[in-house]
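1. Sequence and predicted model, in that order:
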Amino acid sequence: MTSTQNPPHFVLFPFMSKGHTIPLLHLSQLLVSRGVTLTLFTTKANRQFIADFLHRQSDSISIVDLPFPNQVEGIPQGIESTDKLPSMSCFPQFATATKLMQPDFEEALEKIPHVTCIVSDGFLSWTLASANKFGIPRLWFFGMSAYSSAISQEVAVNRLLSGPETDDDLITVTRFPWIKVTRNDFIEPFNQRNPTSPHQDFVMEVTMAMMNSYGQIMNSFYELEPQFLDYLNGESMPKAWCVGPLSLAVTDSSPIVDRKPESEWIQWLDLKLAQGCSVLYVAFGSQAELSSKQLEEISKGLEESQVSFLWVVRNYETRVVDELQERVGERGMIVREWVDQLEILKHESVKGFVSHCGWNSVLESICSEVPILAWPMMAEQPLNARMVVEEIKIGLRVETCDGSVNGFVTSEGLKKMVKELMEGEKGKEVRKKVKEIGEAAKEAMAEGGSSWRTLNELIDELQTVRNSKTDDFRRSAGYTISATSYGEA
Ligand SMILES: O=c1ccn([C@@H]2O[C@H](COP(=O)(O)OP(=O)(O)O[C@H]3O[C@H](CO)[C@@H](O)[C@H](O)[C@H]3O)[C@@H](O)[C@H]2O)c(=O)[nH]1
């Protein structure tokens, strides 16, 4: 690292959603191990989760909690995290409400001397205005893969979704012609022929802030998706810095991770290992919503597959899962609490993962060398599922009854693919592949690896920029893009 006047101090502001917060907490750990001090912004109700995640004794991290806006239409009082929302349809109101935090954020920012940069979630686009006010470079973090970012960009720029007759027609992605997508791979407002909605305004604000920021931090590693990362870095976008998989920041000797006493489910996994049983882990992230009918089919499919399974459920109808637990006895375990997913995936008995393909889950599966049975449910998950199955080939896909990306999955469709993943020939192939990619991930994060070097370069570059004579750091990045020029692209 270059010798400088002021030691590096990063401000981190994660979005109030577990899938967006956790990777930034892992990044905190990597930054602290490189001598960076941090101020982490959150809200009062999220503080405990963050404090529990990080070691309380760490002098290098200060947590500042800001009040979450009161009386937001459609958001029940006291809800400050997307996993607690009554429904994900409230997401646009929730995300838009965060703008009201800007004055408090700026008041707190004023008191922090010598901030090197602000790393904030892509959804907190208003933090760019705050960063500009204080002359601080802003980087955004989304927690998406380069693959899904690149495909989404190509599809939007070339207006590929305005063409197909049906939502399941295959569309060739212009710059990546071996990749075919459908309109069903995208959520609102991206899947609309002529997107016009308040959600679309929110997306435009996020995009404009991204284009006028210093760069983005990506939770991925170069060797996993070189064409897609080269594409993003070749376009007129701020630079993407690939510094992951961030979950590899957690090692058994990690200084800032709290160790918890052994949980009931880890004891159950130990027992399964001793009995020589392979376990299927089933989890759909922190915010997926399942209908009662779909829940019944999953229960039936898991029961009839005859495999040992550990299923982590969230806010689901308890009757269905209680009955399943009774029927399968000790062959299966259903957990309703927040678990340490990484610890589960790393357990030697776990040999398969039925996943919604949230990007953190995909990376955690890669790092634990566990193949995936992909069942995308929302957000960019259908694209992640395509990447997992068709591009990097570390997983299979559940069968939907109509063959559509987001179709209903029957117990038969689930059972058949669970058996293939755990016992079949295709399962063997993806298991071999995920092992290779898992090893490459560890190399990328180890000393001298691509992600290790990139993070060092990023810290050095930001330090140089901040300690240079000019305050206009944006000039060195060489871009200022207006809403009009993006709209015309
Ligand atoms: O009981 C639990 C449940 C979840 N997790 C962790 O929570 C995170 C969940 O992240 P992810 O697998 O990405 O799922 P979501 O919470 O659904 O993530 C949101 O954010 C991701 C990153 O932007 C997107 O890829 C997803 O589509 C979006 O739904 C992972 O680190 C899990 O290990 C736990 O540790 N314990």
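-> Great, that's in hand.
2. which residues of the stretch 151-300 of the chain fall in helices?
-> 198-211, 226-234, 264-274, 292-305 (DSSP state H, counting those that start in this stretch).
3. Send over the second one as PDB, restricted to the C-alpha atoms.
-> The C-alpha coordinates for helix 226-234 follow below in PDB (Å, rounded to 0.1, in the frame of the first residue of the first chain):
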ATOM      1  CA  PRO A 226     -14.300 -13.400 -17.700                       C
ATOM      2  CA  GLN A 227     -16.300 -12.600 -20.800                       C
ATOM      3  CA  PHE A 228     -19.100 -11.000 -18.800                       C
ATOM      4  CA  LEU A 229     -16.700  -9.000 -16.600                       C
ATOM      5  CA  ASP A 230     -14.700  -7.900 -19.700                       C
ATOM      6  CA  TYR A 231     -18.000  -6.800 -21.300                       C
ATOM      7  CA  LEU A 232     -19.000  -4.700 -18.300                       C
ATOM      8  CA  ASN A 233     -15.500  -3.100 -18.100                       C
ATOM      9  CA  GLY A 234     -15.500  -2.500 -21.900                       C
END
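4. sorry, back to before: could you point out which of the helices of the stretch 151-300 of the chain sits nearest Lys351?
-> In terms of CB to CB, the element of those nearest to Lys351 is helix 264-274, at 10.2 Å. All C-beta spots, glycine's among them, are computed from the backbone N, C-alpha and C.
5. starting at the chain centroid, how far to the closest one?
-> Between the centre of helix 264-274 and the centre of its chain there are 28 Å (CA atoms, centre = their mean, to the nearest Å).
6. Show me what it is in contact with.
-> 278-279, 308, 310, 330, 333, 335, 339, 343-344, 347-350 (CB atoms under 8 Å, 6 or more residues apart in numbering).
7. One more: stretch 67-74?
-> 16, 43-45, 77, 80, 90, 93-94, 97-98, 100-101, 104.
8. Kindly report the residues of the stretch 301-450 of the chain close to the ligand.
-> 312, 338-342, 358-361, 364, 379-381 (CB under 6 Å from any ligand atom).
9. Now list the buried members of the residues you listed.
-> In terms of neighbour count (16 or more other CB atoms under 10 Å), the buried residues within these are 312, 339, 341-342, 358-361, 364, 379-381.
10. In strands, which of those residues appear?
-> Val312 (DSSP state E).
11. quick one on the thing from earlier: tell me which two of the residues of the stretch 301-450 of the chain next to the ligand sit farthest apart.
-> Asp340 and Glu380 (24.5 Å).
12. for the protein, longest helix please?
-> helix 425-445 (DSSP state H).
13. so what does that helix touch, helix or strand wise?
-> helix 359-368, strand 395-397, helix 411-423, helix 450-467 (3 or more CB pairs under 8 Å, 6 or more residues apart in numbering; DSSP states H and E).
14. quick one: buried residues of it?
-> Buried-residue list, helix 425-445, by 16+ other CB under 10 Å: 427, 430-431, 433-434, 437-438, 441, 444-445.
15. For these, give me a markdown table that also has pLDDT.
-> A markdown table is the format used below for these (pLDDT from 0 to 100):
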| residue | pLDDT |
| --- | --- |
| Gly427 | 98 |
| Val430 | 98 |
| Arg431 | 98 |
| Lys433 | 98 |
| Val434 | 98 |
| Ile437 | 98 |
| Gly438 | 98 |
| Ala441 | 98 |
| Ala444 | 98 |
| Met445 | 98 |
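16. And those, which is closest to Glu154?
-> Closest to Glu154, out of all of those and judged by CB to CB, is Ile437, at 23.6 Å.
17. For that closest one, list the residues it contacts.
-> Contacts of Ile437 by CB under 8 Å, 6+ apart are 224, 366, 392, 394.
18. What's the local residue count around Pro69?
-> 17 (other CB atoms under 10 Å).
19. Now do it, the pLDDT please.
-> If you check Pro69, the pLDDT there is 94.
20. And the strands in the stretch 51-200 of the chain, which stretches?
-> 61-66, 117-121, 138-141, 171-173, 176-181 (DSSP state E, counting those that start in this stretch).
21. Make a markdown table from those strands and add mean neighbour count to it.
-> A markdown table is the format used below for the strands of the stretch 51-200 of the chain (neighbours: other CB atoms under 10 Å):
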| stretch | mean neighbour count |
| --- | --- |
| strand 61-66 | 18 |
| strand 117-121 | 27 |
| strand 138-141 | 25 |
| strand 171-173 | 15 |
| strand 176-181 | 15 |
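22. JSON lines for these, including mean pLDDT?
-> Output for the strands of the stretch 51-200 of the chain, formatted as JSON lines (pLDDT from 0 to 100):
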{"stretch": "strand 61-66", "mean pLDDT": "95"}
{"stretch": "strand 117-121", "mean pLDDT": "98"}
{"stretch": "strand 138-141", "mean pLDDT": "98"}
{"stretch": "strand 171-173", "mean pLDDT": "95"}
{"stretch": "strand 176-181", "mean pLDDT": "97"}
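23. Switch those strands over to JSON lines, and while doing so, append distance to Ser28 to every line.
-> Formatted as JSON lines, the entries for the strands of the stretch 51-200 of the chain read as follows, by distance: least, CB to CB, whole Å:
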{"stretch": "strand 61-66", "distance to Ser28": "6"}
{"stretch": "strand 117-121", "distance to Ser28": "10"}
{"stretch": "strand 138-141", "distance to Ser28": "12"}
{"stretch": "strand 171-173", "distance to Ser28": "35"}
{"stretch": "strand 176-181", "distance to Ser28": "34"}
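24. what's the closest of the ones you listed to Asn406?
-> So among the strands of the stretch 51-200 of the chain, strand 176-181 is nearest, using CB to CB, at 12.9 Å.
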